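> starting from these lines, generate the structure:
(one chain, ligands or ions: 1)
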Amino acid sequence: MRAVEENVFAEPAVLPAPGAEQYPSLALANSTIALPGGHYIDQLGTPAGANQWLTERGLAPVEAGMREMCATQLRSLREQIRALFASRVAALPALPAALDAVNDALTRVPTAPLLQWDDRTGPYRAAPHPTSQIVDHALAALAADAADLLTSPDAERLTACGSAPCNRYLLRHGRRHWCSTRCGDRARAARAYARRARPEEN
Ligand SMILES: [Zn+2]
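Next up is the predicted model:
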């Protein structure tokens, strides 16, 4: 029992990468985590997991009634946002399908508060949030956030974690390009091992 608890807290790979608390789209990109040994953690792997992930970011109520279809849509947007991040990091053209998917999510529901008109009190602005559109709103908010990140000065600092097999993205601070201290330690250990294994190359 104790060992399991310690394991959970000893896994810094699930701590948010730098920038992921500021940009939910970065957190979305990082919601599938590659671990050494070919293992993956997918925080959106189940409807309940996807619901919890959205709730933690204020994008859905606790019991939003997420179905597998909703979780699939989130995972799909995640892959397209990851593709755009990869293009930005590598300074390559975007995949048209990835651009289309983000723009489709952005425009499917309004992300701006609409003009409403009350018969007695007159005009006001409010965002419509019918429960049938919770997931569409979440997708739109995440797509808008990805668009904001990719066009902001912070995009210059967007980078992929340099510690294989980690697949996370982060906003770089200084020269550090690891998403976590664990990834940094692993990369340094791998370099040290490579030096010992091939001393003739040094
Ligand atoms: Zn990492």
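> residues of this protein that sit close to the ion?
Contact residues (CB under 5 Å from the ion) of the chain with the ion: 161, 163, 166, 168, 179, 183. No exception for glycine: its C-beta is placed from N, CA and C like everyone else's.
> drop anything exposed from these.
Taking 16 or more other CB atoms under 10 Å as the criterion, what is buried in those is 161, 163, 166, 168, 179, 183.
> tell me if I'm right that the third one and C183 touch.
It refers to C166. Yes - contact criterion CB atoms under 8 Å: C166 and C183 qualify, at 5.0 Å.
> can you pick out the most distant pair from the buried ones among the residues of the chain next to the ion?
S163 and R168 (9.2 Å; CB to CB).
> now for those two: what residues contact both?
Common neighbours of S163 and R168, using CB atoms under 8 Å, 6 or more residues apart in numbering, are 179, 183.
> circling back: so of the buried ones among the residues of the chain next to the ion, which ones are in helices?
Secondary structure from DSSP state H places C183 of these in helices.
> quickly note the distance from P47 to R125.
As judged by CB to CB, to the nearest Å, P47 and R125 stand 32 Å apart.
> between the two, which one's more packed in?
P47 (18 against 9; other CB atoms under 10 Å).
> centre-most residue in the chain?
For the chain, the residue nearest the mean C-alpha position is L28 (2.0 Å; CA atoms, centre = their mean).
> in a strand, that's where that one is, yeah?
No - read with DSSP: H, G, I helix; E, B strand; the rest coil, L28 is helix and lies in no strand.
> which residues does it contact?
74, 77-78, 81, 142, 146.
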